[in-house]
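sequence first, then the predicted structure, then my questions.
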Amino acid sequence: MSAVLEADNLTKAYGAVKALDGLSLSVPPGGVYGVLGPNGAGKSTLFRIWLGLIRPTEGEGRIMGGVAGKDAKAARRTGSMIETPRFPPFLTARQTLVMLSRASGLKNNAARIDTLLDRVNLTEAADRKVKGFSVGMAQRLGIAAALLNEPELLILDEPTSGMDPAGINEIRNLIRSLADDDGVTVVLASHQLAEVQRVCNRVAILDHGKLVSEDTIDEMVSGSTQHLRISGSPVTAIMKVLGKKGTRDGEAVLARIDRKEAPDLIRRLVAEKVNITEARWVGGDLEKVFLQQTGEPRAN
Ligand SMILES: Nc1ncnc2c1ncn2[C@@H]1O[C@H](COP(=O)(O)OP(=O)(O)O)[C@@H](O)[C@H]1O
Ligand SMILES: [Mg+2]
């Protein structure tokens with residue numbers, strides 16, 4: 001199968017705010033795919049479009065080859081959890097899953113529900129009311145709910161938010177096991193780099209509704225996405241020459257360019273009368289890449 005999820009020039013505008021801004025992306029089947037970005041980057045908006053919960057302003061989202069929001073068959077093969085799910089407070093975890101499985105027309109399969117409760121480590125809390133659940137427990141119940149229909153594709157928005165380190169570790173193992181043992185393609189959004197780095201095979205980094213990079217974790221970490229860090233003055237002149245390829249990094253500027261573009265860039269900076277005090281290649285670990293691409297306020 002080709003891509004399980006695609007974004008084709010997606011834009012979603014909320015008044016003047018572009019939650020997504022001409023985003024194109026393709027998620028291959030198999031493994032765990034991470035959509036990484038700071039708060040407000042557009043991750044939940046993207047997932048909502050893929051799940052047909054909202055419509056894009058422009059462009060198209062596709063899920064399992066069908067147009068997002070218009071393909072009921074694709075929806076049946078997909079499980080999802082968007083942000084922290086809310087469940088009726090006076091039902092127990094087990095009753096919640098029974099109710100949801102009936103609502104989706106699945107047979108009341110008690111054995112499957114037991115297995116799912118066990119898989120998300122809620123067996124002991126199975127007959128407690130959801131009202132008393134911690135955020136982490138609600139998230140785990142949300143994941144169990146997303147797995148009710150035995151999906152091929154599982155879409156999880158910030159699946160470990162509000163969890164303690166032990167809970168995060170459990171969810172990480174569950175996600176890996178779903179991908180490795182059950183062959184489910186898992187797509188998750190997170191603003192936590194460590195989570196993504198540990199569990200994902202591939203990652204897309206989003207910022208301000210745009211794709212800033214997309215690659216395997218291995219490639220990103222091995223330094224294929226190095227940047228030229230240029231110190232000099234005036235910084236505004238450096239940013240002007242670089243345009244969209246430049247990001248402020250404190251007193252310096254990070255240039256997203258290939259190595260072969262460097263000599264020409266430096267010649268242009270000199271021609272613009274920039275006093276360059278230092279230019280060096282940085283990056284090579286995902287944390288730096290993430291911070292370089294999303295962490296600093298934009299000057300342009
Ligand atoms: N329903 C909405 N109405 C207005 N603005 C919204 C709405 N949903 C999201 N936004 C804005 O769109 C941007 C992206 O939000 P979101 O997709 O939730 O980002 P993320 O999930 O990466 O934190 C933010 O600036 C957010 O405030
Ligand atoms: Mg979000």
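Perfect, thanks for sending it. Ligands and ions are numbered 1, 2, ... in the order given.

which residue ranges of the stretch 101-250 of the chain form strands?
Taking DSSP state E, counting those that start in this stretch as the criterion, the stretch 101-250 of the chain carries its strands at 153-157, 185-190, 202-207, 210-216, 227-233, 246-249.

dig out what Arg62 forms beta bridges with.
When assigned by DSSP bridges, Arg62 has beta-bridge partners Glu6, Val67.

which residues touch it?
When contacts are counted by CB atoms under 8 Å, 6 or more residues apart in numbering, Arg62 touches 3, 5-8, 68. Where C-beta positions appear, they are placed from N, C-alpha and C, glycine not excepted.

what's the answer for Pro159, then?
With contacts defined as CB under 8 Å, 6+ apart, the neighbours of Pro159 are 81, 139, 143, 171, 175, 188, 190.

which residues sit in contact with the last one?
Taking CB under 8 Å, 6+ apart as the contact definition, Ser190 lies against 34-36, 43, 158-160, 196.

closest one to Ala74 out of those, please.
Distance to Ala74, by CB to CB, is smallest for Val35 among those, at 18.4 Å.

what helix or strand does Asp264 sit in?
Following DSSP states H and E, one finds Asp264 within helix 262-271.

what's the angle between that helix and strand 227-233?
Here helix 262-271 runs at an angle of 10 degrees relative to strand 227-233 (axes from the mean of the first three to the mean of the last three CA atoms, to 10 degrees).

so what secondary structure elements neighbour helix 262-271?
strand 227-233, helix 235-242, strand 275-282 (3 or more CB pairs under 8 Å, 6 or more residues apart in numbering; DSSP states H and E).

mean neighbour count added to those, as CSV?
CSV is the format used below for those (neighbours: other CB atoms under 10 Å):
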stretch, mean neighbour count
strand 227-233, 20
helix 235-242, 18
strand 275-282, 13
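
pick out the most distant pair among the contacts of Pro159.
Using CB to CB, these span at most 14.1 Å, a distance reached by Ile143 and Ser190.

rewinding a little: weakest of the strands of the stretch 101-250 of the chain by average pLDDT?
Mean pLDDT across the strands of the stretch 101-250 of the chain is lowest at strand 246-249; the value there is a mean of 84.

sweet, I'm off.
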